[in-house]
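> here is my input, please return the structure:
(2 chains, ligands or ions: 3)
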Amino acid sequence: MGHTIKVTVNGVTHEATVEPRMLLVQFLREVLMLTGTHIGCDTSQCGACTVLVDGVATKSCTMFAVQADGREITTIEGLAANGDLHPLQKAFWEEHGLQCGFCTPGVIISSYDFLKRNPNPTEEEIRHALEGNYCRCTGYQNIVKAVKKAAQSM
Amino acid sequence: MIPNNFEYIRANSVQEALQLLSQKGDGARLLAGGHSLIPAMKLRLNAPETVIDISGIQDLASIHRDGGRLHIGALVTHRTVETSDEVKSSCPVLSEAAALIGDPLVRNRGTIGGSLAHCDPAADYPALTLCLDAEIEATGPSGSRTIAADDFFVGMFETALQPGEMITRVTFPVLTRGTGAAYEKFSHPASRFAVVGVAAMVTLDGSGNCSSVRVAITGAGPSVFRATKVEQALTGKAPDEQAISDATQDVADPADLMSDISASAEYRAHLCSVLSRRALQRAVQAARG
Ligand SMILES: Cc1cc2nc3c(=O)[nH]c(=O)nc-3n(C[C@H](O)[C@H](O)[C@H](O)COP(=O)(O)OP(=O)(O)OC[C@H]3O[C@@H](n4cnc5c(N)ncnc54)[C@H](O)[C@@H]3O)c2cc1C
Ligand code: FES
Ligand code: FES
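Ligands and ions are numbered 1, 2, ... in the order given. Alright, predicted model coming up:
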C-alpha cells in the first residue's frame, strides 16, 4: 500500500514511502522532523499547519503527503537564509507579532504568499488575507503591524 | 485525525479518471481540491476504498470565453475565479462571490467542480449557478451531457450526477448591458459558510422594467432553491426601491428552512428577505450600468 514519493522541502529533496492516508503535515513533522509546522484544529480551519506548496499557501492538514510527490514545499524552517531571519520573521520579532507563538509559523507563511501577490497592502487587505489563520492570543493588532512593516522592508 | 486507509491513484486525464471510476465502482471517490472530502475522511464520515486524484488534469483547469458564454473548467480554484480578469469582465458577480468562500487558504485549493458535486447546503456556488442559469457539463462513459442548474441540485449533498460521471466544466452567461447580478452573503463568523446567501440576476427591457428576474438562495434550506414568489412579483415591473422592498417582504416560509445552533428557521427567513432585497437592489444597479 506504500507509495514512494519524492518531495523537495526547503530546497532538499527527500524520498520516502508513505501510506496514502498520511497527511502532509504528519509527513513534515513525523517523518522529516520539521516541527515548526503546527497542528492546531486538525479540521481545516485554523491555518496553524500552513506551508507553501509550489509557492501557494496551503493547509497541510488538508492534503495527503502522496499529493506532494514531485512538488516543492516551503515550511517556516525554510524562510531564513544563511542564518539571517526573513524580513517577515524579523518584523514579527520587532513588532512583537506573537504571544504564545503557536499560530506564528502559519501566519508568516500565509503572509509570505500574500505579500508576493500584494507587496503594498492596506491594513484591511492584511486582515482579510489572514482570515484563514486564527490567533487565540494577540487580538491580531501586532500581527497586522508586523506584516505591514515586513512589506515596507521587502 | 487519521482517515481510514485507502488506495490512492492519480488520474492524468478525464478518460483515465472515468475508466477508474467505472472499474472501482461505488467505493471510489474523486479528489479535487480536497477541502470537503479530506475533512470528511478525517472525521470518518466518508471512507472511500479508492481515491482518484484528478487535481493534476490540466484540461479541466482553464477558463475561456466563447461569445456570450463563459466556460470554467471543473478544477478551476476559487482563487482563480476570484482573481481572473476574464471572469471579472464577463461575469463579475462570480469573482465577488468566490472572494467570499471560506478563507484565502481554502480558496487556494478548493475547486468549482468539487463545490458543485459536493452540494453542501451552505455552499456559495450552488446559488450563483442556479441564479445565473448556468449549465453543468457532466462527462461519463458514454460521453458528455449538459445539465441545467435548475435540474442539477436535487437535495442536501445530492445532485443529478449519475454514478460513473464527473463534472468537467460549468458554463455561465456573459453578462451584457441591461443584465446585472449580485450576491449577498451572511457568513458564519467561524466557518464562513453561508448562514444565508442570496444571488439575484435582473434583466431590464428598453423601458427599464424587469424582463427577467432570477433569485437563488443557499444556506437557508436543505438545498439551494429559487425564490419564485419574488421573481414573479418583480417580472414586468419597474424595479424601484418600493417594488423591491414589497416583493421581498415574505421570501421564504420558516417551515421550509433549517434550524441549527447558528440560526433558527425564523431568523433564516428574516435573512432571506433582507439579503434578497439588497441583492436585487445591487443587481438592478448593475443592470443599469
Ligand atoms: C474552513 C473551510 C471553509 C469553507 N467555507 C466555504 C464557504 O464559505 N463557502 C463554500 O461554498 N464552501 C466553503 N468551503 C468548502 C470549499 O469550498 C470546498 O473546496 C468545496 O466545497 C469542495 O471543493 P474541492 O475541490 O475541495 O472538492 P473535494 O473536497 O476534492 O471533493 C468534494 C466532493 O466532490 C467530488 N468531486 C470533486 N470534483 C469532482 C468533479 N469534477 N466531478 C464530480 N465529483 C467531484 C468528490 O468526489 C467529493 O465527493 C469551506 C471549506 C473549508 C475547509
Ligand atoms: S491544523 Fe490545519 S487548519 Fe488547523
Ligand atoms: S500567538 Fe498564540 S495563537 Fe497566536
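
> okay, now the closest residue to ligand 1 within chain A: neighbour count?
Proximity of chain A to ligand 1 (Cβ to the nearest ligand atom) peaks at A:S44, 3.7 Å away. C-beta coordinates here come from the backbone N, C-alpha and C atoms, glycine included. As a burial measure, A:S44 scores 23 neighbours (other Cβ atoms under 10 Å in any protein chain shown).

> wait, it touches A:S60, no?
No - applying Cβ atoms under 8 Å as the test, A:S44 and A:S60 come out as separate, 10.5 Å apart.

> next one: the helix or strand encompassing A:D113 to chain centre, how far?
Assessed by DSSP states H and E, A:D113 sits inside helix A:104-117. Here the centre of helix A:104-117 is set off from its chain's centre by 7 Å, with Cα atoms, centre = their mean, to the nearest Å.

> by contact count, what packs against it?
strand A:50-53, strand A:56-59, helix A:87-94, helix A:123-129, helix A:141-153, helix B:104-109 (3 or more Cβ pairs under 8 Å, 6 or more residues apart in numbering or on different chains; DSSP states H and E).

> do that again at 10 Å, thanks
Packed against helix A:104-117 by the contact rule (3 or more Cβ pairs under 10 Å, 6 or more residues apart in numbering or on different chains; DSSP states H and E) you find strand A:50-53, strand A:56-59, strand A:72-74, helix A:87-94, helix A:123-129, helix A:141-153, helix B:104-109.

> need the residues of chain A near ligand 1, please.
Taking Cβ under 6 Å from any ligand atom as the contact definition, chain A meets ligand 1 at A:S44, A:Q45.

> go again with 8 Å.
The interface of chain A toward ligand 1, taken as Cβ under 8 Å from any ligand atom, is made up of A:T43, A:S44, A:Q45, A:K59, A:T62, A:G132.

> let's see if you can find the most crowded of the residues you listed.
A:K59 (34 neighbours).

> tell me the contacts of residue 22?
Picked chain A for this. A:M22 makes contact with A:G2, A:H3, A:I5, A:A16, A:E30, A:V31, A:F64, A:A65, A:V66, B:I2, B:P3 under the criterion Cβ atoms under 10 Å, 6 or more residues apart in numbering or on different chains.

> not quite, go with chain B.
Contact analysis of B:S22 by Cβ under 10 Å, 6+ apart lists B:A28, B:G140, B:P141, B:P163, B:G164.

> please indicate which of those residues are buried?
The neighbour-count test (16 or more other Cβ atoms under 10 Å in any protein chain shown) marks B:A28, B:G140 as buried among the contacts of B:S22.

> can you lay out the contacts of B:S22 as JSON lines showing distance to B:G208 and secondary structure?
What follows is these, written out as JSON lines (distance: Cβ to Cβ, whole Å; DSSP: H, G, I helix; E, B strand; the rest coil):
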{"residue": "B:A28", "distance to B:G208": "53", "secondary structure": "strand"}
{"residue": "B:G140", "distance to B:G208": "45", "secondary structure": "strand"}
{"residue": "B:P141", "distance to B:G208": "49", "secondary structure": "coil"}
{"residue": "B:P163", "distance to B:G208": "48", "secondary structure": "coil"}
{"residue": "B:G164", "distance to B:G208": "48", "secondary structure": "coil"}
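
> closest to B:S95 among the contacts of B:S22?
Nearest to B:S95 among the contacts of B:S22, counting by Cβ to Cβ, is B:G140 at 30.3 Å.

> establish whether the lengthiest helix in chain B and ligand 1 are in contact.
Longest helix of chain B, by residue count under DSSP state H: helix B:265-288. No - judged by Cβ under 8 Å from any ligand atom, helix B:265-288 stays clear of ligand 1, getting no closer than 14.8 Å.

> now do stretch B:98-114
Yes - counting by Cβ under 8 Å from any ligand atom, ligand 1 has neighbours in stretch B:98-114: B:L100, B:I101, B:G102, B:D103, B:V106, B:R107, B:R109, B:G110, B:T111, B:I112, B:G113, B:G114.
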